[in-house]
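Asks: Got a predicted structure plus its sequence, pasted below:
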Amino acid sequence: MSDDLRKEVCDLHAQLIRWGLVTWTAGNVSARVPGEDLLVIKPSGVMYDELTPDHMVICDLDGKLVEGDHAPSSDTEAHAYVYRHMPHVGGVVHTHSPYATAWAARGEPIPCSLTAMADEFGGDIPVGPFALIGSDAIGRGIVETLTGHRSPAVLMRQHGPFTIGTTAKAAVKAAVMCEDVARTMHFARQLGSVERLPAAAVDSLHDRYQNVYGQHNSGKKGAR
Ligand SMILES: O=C(CO)[C@@H](O)[C@@H](O)COP(=O)(O)O
């Protein structure tokens, strides 16, 4: 198990704090261990400013602890279920970011009315079913909702956002962008009615952003 992956997952937890996506110990980030039926995730209930790479625990894809001195995150089984059923997913994130969680509290999908939503989500951000914590029920809801959907984010009803990505960094980015558009759409809705973008525009914007935007063609590393 590479210590690099433990450090990467630990550092990504700091991004949840940086972008205001979590309070106290809420939220979690995991990464699939390449080539292994394993995942790396934070320990349950440990303060973010205490987290170190050594705190990160390794679990199998049934959510069972394989390596580590701490009990794994409460959401480990949910993350594990996603990895078992969505082979392209390399990272899963859960937050309680306030604006996205307010949409989840109402059980209302965020309508795709912004070019930024078309770029990152390829359409609305959908709502998944309410599910109790501590089993794979949340994972089932994530997979049911996101399978066949372009969005990397799902608002689990009356709970909060979960995001997926080909890497843990991509899943964190989706969580950051989910909260950003949730906030903007909240203000837009407060001040007036909103209209979805035309489907053809959403397709064009999503394709450009996913395949052209940034340094795709320069061979240079970009933020992505
Ligand atoms: O919302 C939940 C569980 O889904 C919180 O308990 C979660 O955000 C944080 O739990 P952990 O500290 O990762 O066990």
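Replies: Great, that's in hand.
Asks: residues touching the residue nearest to residue 37 when sequence neighbours are not counted, list them.
Replies: In this structure, residue 37 finds its nearest non-sequential neighbour in residue 61, 4.7 Å apart by Cβ to Cβ, 6 or more residues apart in numbering. Quick note: C-beta positions are derived from backbone N, CA and C, even for glycine. For residue 61, the contacting residues are 37, 38, 39, 80, 83, 84, by Cβ atoms under 8 Å, 6 or more residues apart in numbering.
Asks: In strands, which of these fall?
Replies: Counted as lying in strands by DSSP state E, out of the contacts of residue 61, are 38, 39.
Asks: Buried ones only from the contacts of residue 61, please, as a ChimeraX command.
Replies: A single ChimeraX command selects the buried members of those (16 or more other Cβ atoms under 10 Å):
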select :38,39,80,83,84
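Asks: can you narrow the contacts of residue 61 to ones near the ligand?
Replies: Among those, no residue is within reach of the ligand (Cβ under 6 Å from any ligand atom).
Asks: Which residue is the nearest non-sequential neighbour of the residue nearest the centre of the chain?
Replies: The centre of the chain sits closest to residue 163, judged by Cα atoms, centre = their mean, with a distance of 2.0 Å. Excluding its sequence neighbours, the residue lying closest to residue 163 (Cβ to Cβ, 6+ apart) is residue 174, at 3.8 Å.
Asks: partners of the host helix or strand of the residue nearest to the centre of the chain, with directions?
Replies: Using DSSP states H and E, residue 163 sits in strand 160-165. As defined by DSSP bridges, the strand partners of strand 160-165 come to strand 91-94 (antiparallel), strand 153-156 (antiparallel).
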